[in-house]
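K.L.:
fold the following.
(chains A and B)
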2 protein chains.
Amino acid sequence: MTKNDFIVTPWSVKGDIDYDKLVKQFGTKKLDEKLLKELKSITGGTHHYLRRKIFYSHMYLDEVLKDYRKDNKFYLYTGRAPSGPVHLGHMIPWIFTKWLQDNFDAHLLFQIPDEEKFLFKKDLTLEETRKWAYDNILDIIAVGFDPKKTHIFLDTEYAGHMYKHAVQVAKKINFSTIKSTFGFDNDKNIGEIFYTAMQSVPAILPSVLEGKKTRVLIPCAIDQDVHFRLTRDVAESLGYYKPATILCRFLPGLQGMSGEGKMSSSVESTAIYTTDDAKTVKNKILKYAFSGGRDTLEEHRKHGGNPEVDVSYQWLTFFEEDDAKLEKIYKDYKSGKLLSGELKMILVDKLNSFLAEHQKRRKEAEKIIEKFMLRD
Amino acid sequence: MTKNDFIVTPWSVKGDIDYDKLVKQFGTKKLDEKLLKELKSITGGTHHYLRRKIFYSHMYLDEVLKDYRKDNKFYLYTGRAPSGPVHLGHMIPWIFTKWLQDNFDAHLLFQIPDEEKFLFKKDLTLEETRKWAYDNILDIIAVGFDPKKTHIFLDTEYAGHMYKHAVQVAKKINFSTIKSTFGFDNDKNIGEIFYTAMQSVPAILPSVLEGKKTRVLIPCAIDQDVHFRLTRDVAESLGYYKPATILCRFLPGLQGMSGEGKMSSSVESTAIYTTDDAKTVKNKILKYAFSGGRDTLEEHRKHGGNPEVDVSYQWLTFFEEDDAKLEKIYKDYKSGKLLSGELKMILVDKLNSFLAEHQKRRKEAEKIIEKFMLRD
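P.N.:
Next up, the predicted model:
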């Protein structure tokens, strides 16, 4: 793989991701100023993920907003495939989903495709993915979603309501399409091949639950859009709207934007978990966070650091909501006034105060899981 | 296709079936005298389908009986994919299944894979297969199964209990295997490709329901064994017994043993439906039943008819339980004493008395459906 190569699929992210190229490659649209203005006009505010183009691409968001203007509500739908602990990268789309829920008073379907990870990971059992599902649900609830409007379900538990819709989708997708869409070969198991039909279902369920054609907006990382491209190809012929997406970049792994490209649950040195304690967070950032600083103090003071490649700075674009504060950090780091160690400590403090709150709500979540679960 | 070619798959039967060749082709075993003797020794009786080798092949029936001798009960499992009305051909495995249930006091899982027909038939909707499912269930109940030990379910309704087991099976079967087993190509939809995993599930459910490893015996037509061959390939690694099968020939279509080979719901002139009235039955048999008689009365009296190709005689091997009566018909027809028209009227009377009883029970079944449905 040369420097400019990268691969992004729902199951693998490799290389130095060029997010502009990705939009072209996936055939999605950029979130342009007109749409951002319309979002601001409706919500009366904005979100730093939008201002900073962390959420930067979409499909059919314009249609969703146009319909919303006509008093037609939409559902939100996102998901989490459980194969390990939740890290901060996972939380980015969820944090933004909560903002959307709050601002549009929208119901949210939260899919936990426990069978996906089971089917795609050789050594994982269904018992393990189920255990991780109920662990991860604590993090989802801790985000602060509205229990009256948020409906979480595991595919293996909710299949009684899903399978009949999945086969409607499945009938319209053949193996040739799956092969070219996901790059699958004949060695793929028949559960992997069928799975995308299950991921389509929550784009259909809102119309079923509401008893009328209902739009769905899916906030997720851009690697997932390919599933919904398939859903869009079949949705209208089944009597549903094409699902809309609003798509984000990945939170880079601690060791930098190249290489693995996103955080990985399975590579501990790339990730901060939501359950990491303050000391662990500090140690990981100090030890692993790739620095854009200079080799010596003298050099740094003279030439300044490079925030574009500095993971601590990049993470602050996700976690420091205050634009003015962020700008000051940027300038100070670039000018050499702010040292790498100091920048790291700003991030450590930010993350630890974020995680302290999160962990408190995560603990409380244990008692209210059933309020969120979609059982019937 | 030359005279000796035939194709038997779960979705297509064509040509003049050589049932002996089929056993070799499918790799199943013949029901030998030793096994028939063991069945007789346990049940204290026999069934004319066994005596006449209508049920003529099996896999692992010996294991089931050996375990039964040690007081280990087994479950029966059979099914019906609903895409139209039930005809007499469908009922053959069910009639035998009832005999097995009565003689072994066995629980029966009756799968209605409504999604199968939907997925495999281009123009069929899920609403239609569902409608046929509940129509066909009346025929199933009319067979006389024990409501306390018979559990009927539609895949689309019972998927909440099935999907998690289906993915366990699916993970162990790749597309290459499906391709070579069923002759599928890349144009097959991803529901068709996944479906065999759902057909495996009722071979697993008895162990789940009983909370211990439980054997399953599947009485069905021989074309279905290929699904269970896949199930057998994966069952033990999942902690279950390989499912056993006891396999029957097809009731030939009215127009004879060549050509379509079995009755078809979609070709009315090949089939007697369970809801046909006495007059319709008479007209169909007189008009369509392929005759092994001679061209003229004189010829017939002189040379006799050929019961081997005569559909009315062949059908009587399925429906006339009395061996002595059947033998007399055989001899009289072969000698020319019995004319084709007379033979046809023997069959008409036999079927009409069978159907009169069936239709009475079918009507009563409407009131007791819920006693049979597996809902939780």
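K.L.:
residue contacts, the residue in the stretch 1-150 of chain A that chain B sits nearest to?
P.N.:
In the stretch 1-150 of chain A, the residue that lies nearest chain B is A:Glu115 (4.5 Å; C-beta to the nearest C-beta). Heads up, the C-betas are built off the backbone N, CA and C, glycines and all. Listed by C-beta atoms under 8 Å, 6 or more residues apart in numbering or on different chains, the contact set of A:Glu115 reads A:Leu126, A:Thr129, A:Asp155, A:Thr156, A:Gly191, A:Tyr195, A:Met198, B:Tyr163, B:Lys164, B:Val167.
K.L.:
one more time with 6 Å, if that's ok
P.N.:
A:Asp155, A:Thr156, B:Val167 (C-beta atoms under 6 Å, 6 or more residues apart in numbering or on different chains).
K.L.:
ok, and the closest non-adjacent residue to it?
P.N.:
Of all residues not flanking A:Glu115 in the chain, B:Val167 sits nearest, at 4.5 Å (C-beta to C-beta, 6 or more residues apart in numbering or on different chains).
K.L.:
please give the element, helix or strand, for that neighbour.
P.N.:
For B:Val167, the host element (DSSP states H and E) is helix B:155-170.
K.L.:
run the chain-centre distance for the next helix or strand after that helix.
P.N.:
Downstream of helix B:155-170, the next assigned helix or strand under DSSP H and E is helix B:175-182. Distance of helix B:175-182 from the chain centroid (C-alpha atoms, centre = their mean, to the nearest Å) equals 24 Å.
K.L.:
by how many degrees do the helix holding B:Val167 and helix A:155-170 diverge?
P.N.:
110 degrees (axes from the mean of the first three to the mean of the last three C-alpha atoms, to 10 degrees).
K.L.:
the one residue in the stretch 201-350 of chain A that gets nearest to chain B: neighbour count?
P.N.:
In the stretch 201-350 of chain A, the residue that lies nearest chain B is A:Leu230 (9.7 Å; C-beta to the nearest C-beta). If you count neighbours by other C-beta atoms under 10 Å in any protein chain shown, A:Leu230 ends up with 21.
K.L.:
who's in contact with it?
P.N.:
Here A:Leu230 is in contact with A:Ile173, A:Thr196 (C-beta under 6 Å, 6+ apart).
K.L.:
in which helix or strand does it reside?
P.N.:
Assigned by DSSP H and E, A:Leu230 belongs to helix A:225-235.
K.L.:
cool, A:Leu247 as well?
P.N.:
Here A:Leu247 is assigned to strand A:244-248, by DSSP H and E.
K.L.:
run me through the strand neighbours of that strand, direction for each.
P.N.:
With DSSP bridges as the test, strand A:244-248 is paired with strand A:55-59 (antiparallel), strand A:215-221 (parallel).
K.L.:
surely the residue nearest to A:Glu115 touches A:Ile193?
P.N.:
No - contact criterion C-beta atoms under 6 Å: B:Val167 and A:Ile193 do not qualify, at 11.7 Å.
K.L.:
just to be sure, A:His151 is in a strand?
P.N.:
Yes - counting by DSSP: H, G, I helix; E, B strand; the rest coil, one finds A:His151 located in a strand.
K.L.:
kindly report the residues of chain A close to chain B.
P.N.:
Residues of chain A lying near chain B by C-beta under 6 Å from any C-beta of the partner chain: A:115, A:119, A:156, A:159-160, A:163-164, A:167, A:170-171, A:173-176, A:186-191, A:193-194.
K.L.:
out of those, which end up buried?
P.N.:
A:115, A:119, A:156, A:159-160, A:163-164, A:167, A:170-171, A:173-175, A:188-191, A:193-194 (16 or more other C-beta atoms under 10 Å in any protein chain shown).
K.L.:
show me what residue of chain A gets nearest to chain B.
P.N.:
For chain A, C-beta to the nearest C-beta, closest residue to chain B: A:Gly160, 2.5 Å.
K.L.:
which residues in chain A form strands?
P.N.:
Listed in chain order, the strands of chain A (DSSP state E) span A:6-9, A:12-15, A:29-30, A:55-59, A:74-79, A:108-112, A:150-154, A:215-221, A:244-248.
K.L.:
who does the second one pair up with?
P.N.:
Meaning strand A:12-15. strand A:6-9 (antiparallel).
K.L.:
alpha carbons of the partner strand, as PDB, please.
P.N.:
These are the backbone C-alpha positions of strand A:6-9, laid out as PDB (Å, rounded to 0.1, in the frame of the first residue of the first chain):
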ATOM      1  CA  PHE A   6      -6.500   3.800   1.700                       C
ATOM      2  CA  ILE A   7      -9.300   1.300   2.200                       C
ATOM      3  CA  VAL A   8     -12.500   2.000   4.000                       C
ATOM      4  CA  THR A   9     -15.200  -0.700   4.200                       C
END
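K.L.:
quick one: contacts for A:Gly44?
P.N.:
Listed by C-beta under 6 Å, 6+ apart, A:Gly44 has no contact partners.
K.L.:
let me see the domain layout of chain A.
P.N.:
Following automatic domain parsing, chain A resolves into domains at A:6-249, A:268-363.
K.L.:
which one of those domains is the most hemmed in?
P.N.:
domain A:6-249 (a mean of 20; mean count of other C-beta atoms under 10 Å in any protein chain shown).
K.L.:
show me how far that one is from its chain's centre.
P.N.:
Centre-to-centre, domain A:6-249 and its host chain are 9 Å apart (C-alpha atoms, centre = their mean).
K.L.:
kindly check the end-to-end length of that domain for me.
P.N.:
14 Å (C-alpha to C-alpha, to the nearest Å).
K.L.:
could you do stretch A:40-58 as well?
P.N.:
Start and end residues of stretch A:40-58 are separated by 16 Å (C-alpha to C-alpha).
K.L.:
now stretch A:218-225
P.N.:
Terminal-residue distance, stretch A:218-225 (C-alpha to C-alpha): 9 Å.
K.L.:
so what's A:Val309 up against?
P.N.:
A:Val309 touches A:Gly292, counting by C-beta under 6 Å, 6+ apart.
K.L.:
quick one, phi psi at it?
P.N.:
The phi and psi values for A:Val309, taken as degrees, to the nearest 10, are phi -110, psi -10.
K.L.:
give me the below-cutoff pLDDT ranges for the stretch 151-300 of chain A.
P.N.:
For the stretch 151-300 of chain A, applying pLDDT under 70 flags the ranges A:257-262, A:264-266.
K.L.:
what do you get for the stretch 1-150 of chain A?
P.N.:
In the stretch 1-150 of chain A (pLDDT under 70), the answer is A:1-4.
K.L.:
which stretches of it form helices?
P.N.:
A:19-26, A:33-43, A:48-51, A:61-69, A:88-104, A:114-120, A:126-142 (DSSP state H, counting those that start in this stretch).
K.L.:
which strands or helices does the fourth one pack on?
P.N.:
Other elements packing on helix A:61-69 under the criterion 3 or more C-beta pairs under 6 Å, 6 or more residues apart in numbering or on different chains; DSSP states H and E are strand A:215-221, strand A:244-248.
K.L.:
wait, A:Arg232 sits on A:Lys242?
P.N.:
Yes - applying C-beta under 6 Å as the test, A:Arg232 and A:Lys242 come out as touching, 4.1 Å apart.
K.L.:
residue contacts, the residue nearest to the spatial centre of chain A?
P.N.:
Geometric centre of chain A, nearest residue: A:Pro93, 3.6 Å, by C-alpha atoms, centre = their mean. Neighbour list for A:Pro93: A:Thr78, A:Pro219, A:Cys220, A:Cys248 [criterion: C-beta under 6 Å, 6+ apart].
K.L.:
what does the helix holding B:Val167 rub up against?
P.N.:
Here helix B:155-170 has contacts from A:115, A:119, A:156, A:159-160, A:163-164, A:189-191, B:113-115, B:197-198, B:200-201, B:204, B:234, B:238, using C-beta under 6 Å, 6+ apart.
K.L.:
which strands or helices does the longest helix that chain A contains pack on?
P.N.:
Looking across chain A with DSSP state H, the single longest helix is helix A:340-365. With contacts defined as 3+ C-beta pairs under 6 Å, 6+ apart, helix A:340-365 has these neighbours: helix A:126-142, helix A:278-288, helix A:311-319.
K.L.:
give the rounded mean pLDDT of that helix.
P.N.:
Helix A:340-365 carries an average pLDDT of 98.
K.L.:
perfect, I'm done here.
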